[in-house]
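Visitor: here are the coordinates; sequence isn't available:
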């Protein structure tokens, strides 16, 4: 067997079946033990030749043999014992030779090196304490023996002492260099391993995000069709065109669709938060009263399936406008209302109240459920913490995401409950983000807006979504044009410019982002409001479209109440008709 291979096998003793960190430390201990054993034999033999003293040769041989016992400990998987024994053994023999040869040889420097090496080689607190204590005790004992002349050093001439002294310096230099180089190699390998793991995690996160994004889009198109159809059915139900026996089925289908939408939104939001993606706020002015009423109105039908009424109220001191991120605020209120509906009693009232307190304004949502147990309150905003409900099961993500968004908007969220009486969640925001005299918004008086003579162009590749959206828009008195992709949509818009464009994000031939770019570059079309209706619920996607010129970003499945509110905002003209929309 060749010498390098033999040395490699000795160094690898005890590394089989260990993890990377332990494998590396075991090889360091084995390397130092082997180097010390060889140096002890070589130095002991040299000193014997120079002095003829067996007091040096025999201990040197014993020392070198002792280090092979450390290799045996590693082979038996006693890694921590081997590591501590190696340094303690070094200290013992260094102390022996320091006393035997006297202070002029400066072997005591080797003991000082052992103190530093304890922090370099060991991680366990107990191992460090043992090695430092043994080294300091040995150092103290050697110094006392020098001072009191407790032992008489070997009588050696000046030339021999110089040789021994320089051999000692060389030994300390070799051991110091080995300890530093091996520790540096250990740190480099650990850093490279960490870098590899980080890259793998980043790739895994990217793959998961892409998978969720694609899956979300594929799920949302059929869900958009189901949700759109059930909303149209509810409109016909309110007009008396649906048999009474169908009403419970329609209500249950509506609630199920609504809950699936919320679950998908929360799961996607959590994946984005866990991936460490930075949130970007897209603030704009929102009329507080009409905005909160609209958010609450979306949930009236869901609440109605449990004979629950949502009641909104506003303090007179409440400002009229808030400069806020409407998408994130809607998600906060959505999660809190969903939670309240899930846990309140049948035939009860959920109260949504807005007021001012100190330098903050707040939204409070109070249910009449059984409250939350005190021991669960401290964990209520953690992910996947949930209570059992007889109505629907949640994912336990809504409150966690609401808290995340509230803090992102420089706000906070609190919970107060009286067990057996109900729970109140309150979201606070800075009063500095509000302003204005009040301007009444269209449709605020509980009437459905109509937009006779206004034209909307729908650019959507999914035929079912296109048909359902057409039916809803026509029910508002709008004239509707349709296109199956961006190329057809641009051609239709240039041929007959509409008053508003509803644009899908994922389409063949020309996608939503490219289409939006061409609209904003076209002098004939650039003034037209563009609403992006997409199955991609990731916040950064919405913010990207808004930065690039979209006026609104609506997530599929489309809620007709929310869409109507957007139409009122941009089309401007509304004629009153009794409300019959969910």
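Guide: Good, I have the coordinates. Bear in mind the structure is a predicted one, so any value in this text is a computation, not a measurement.
Visitor: what's near enough to touch residue 432?
Guide: residue 359 (CB atoms under 8 Å, 6 or more residues apart in numbering). Glycine gets a C-beta too; all of them are placed from N, C-alpha and C.
Visitor: where's it relative to residue 354, distance?
Guide: Counting by CB to CB, to the nearest Å, the separation of residue 432 from residue 354 is 16 Å.
Visitor: Name the spans of the stretch 301-450 of the chain whose pLDDT lies under the cut-off.
Guide: When residues are selected by pLDDT under 70, those of the stretch 301-450 of the chain lie in 384-396, 419, 436-450.
Visitor: All the helices of it, in order from the start?
Guide: 326-343, 374-377, 398-408 (DSSP state H, counting those that start in this stretch).
Visitor: same deal with the stretch 1-150 of the chain?
Guide: Using DSSP H, counting those that start in this stretch, helices in the stretch 1-150 of the chain cover 3-11, 20-51, 54-75, 79-101, 108-121, 125-148.
Visitor: from what I can see residue 486 touches residue 513, true?
Guide: No. Checked against CB atoms under 8 Å, the pair residue 486 and residue 513 is beyond contact range at 9.1 Å.
Visitor: what about these two, which has more around it?
Guide: Neighbour comparison, residue 486 and residue 513: the larger count goes to residue 486, with 25 against 18 (by other CB atoms under 10 Å).
Visitor: got the helices of the stretch 1-150 of the chain as a markdown table, with mean neighbour count, mean pLDDT and distance to residue 230 columns?
Guide: Listed next are these as a markdown table, based on neighbours: other CB atoms under 10 Å; pLDDT from 0 to 100; distance: least, CB to CB, whole Å:
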| stretch | mean neighbour count | mean pLDDT | distance to residue 230 |
| --- | --- | --- | --- |
| helix 3-11 | 11 | 75 | 71 |
| helix 20-51 | 19 | 77 | 56 |
| helix 54-75 | 18 | 81 | 70 |
| helix 79-101 | 21 | 82 | 65 |
| helix 108-121 | 20 | 78 | 68 |
| helix 125-148 | 16 | 87 | 63 |
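Visitor: In TSV, list those along with distance to residue 556.
Guide: Output for the helices of the stretch 1-150 of the chain, formatted as TSV (distance: least, CB to CB, whole Å):
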stretch	distance to residue 556
helix 3-11	62
helix 20-51	47
helix 54-75	62
helix 79-101	58
helix 108-121	59
helix 125-148	56
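Visitor: Between those helices, which one is closest to residue 207.
Guide: Checking the helices of the stretch 1-150 of the chain against residue 207 by CB to CB gives helix 20-51 as the closest, at 24.7 Å.
Visitor: which secondary structure elements does the closest one contact?
Guide: Applying 3 or more CB pairs under 8 Å, 6 or more residues apart in numbering; DSSP states H and E, we find helix 20-51 packed against helix 3-11, helix 54-75, helix 79-101, helix 108-121, helix 158-238.
Visitor: gap between the nearest residue to residue 186 once chain neighbours are set aside and residue 86?
Guide: The spatial neighbour of residue 186 that comes closest, neighbours along the chain excluded (CB to CB, 6 or more residues apart in numbering), is residue 24 at 4.8 Å. For residue 24, the distance to residue 86 (CB to CB) stands at 15 Å.
Visitor: Format the helices and strands packed on helix 20-51 as JSON lines; extra columns: distance to residue 45.
Guide: Output for the helices and strands packed on helix 20-51, formatted as JSON lines (distance: least, CB to CB, whole Å):
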{"stretch": "helix 3-11", "distance to residue 45": "19"}
{"stretch": "helix 54-75", "distance to residue 45": "7"}
{"stretch": "helix 79-101", "distance to residue 45": "15"}
{"stretch": "helix 108-121", "distance to residue 45": "19"}
{"stretch": "helix 158-238", "distance to residue 45": "11"}
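Visitor: right, and those helices - which one's nearest residue 404?
Guide: Nearest to residue 404, of all the helices and strands packed on helix 20-51, is helix 158-238, at 17.2 Å by CB to CB.
Visitor: Tell me the helices and strands packed up against the closest one.
Guide: helix 20-51, helix 108-121, helix 247-274, helix 463-475.
Visitor: Who are the packing partners of the shortest one?
Guide: Other helices and strands packing on helix 463-475, by 3+ CB pairs under 8 Å, 6+ apart, are helix 158-238, strand 455-459, strand 479-483.
Visitor: Output the ones you listed as CSV; include the columns distance to residue 281.
Guide: Formatted as CSV, the helices and strands packed on helix 463-475 follow (distance: least, CB to CB, whole Å):
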stretch, distance to residue 281
helix 158-238, 21
strand 455-459, 28
strand 479-483, 33
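Visitor: Cheers, nothing more for now.
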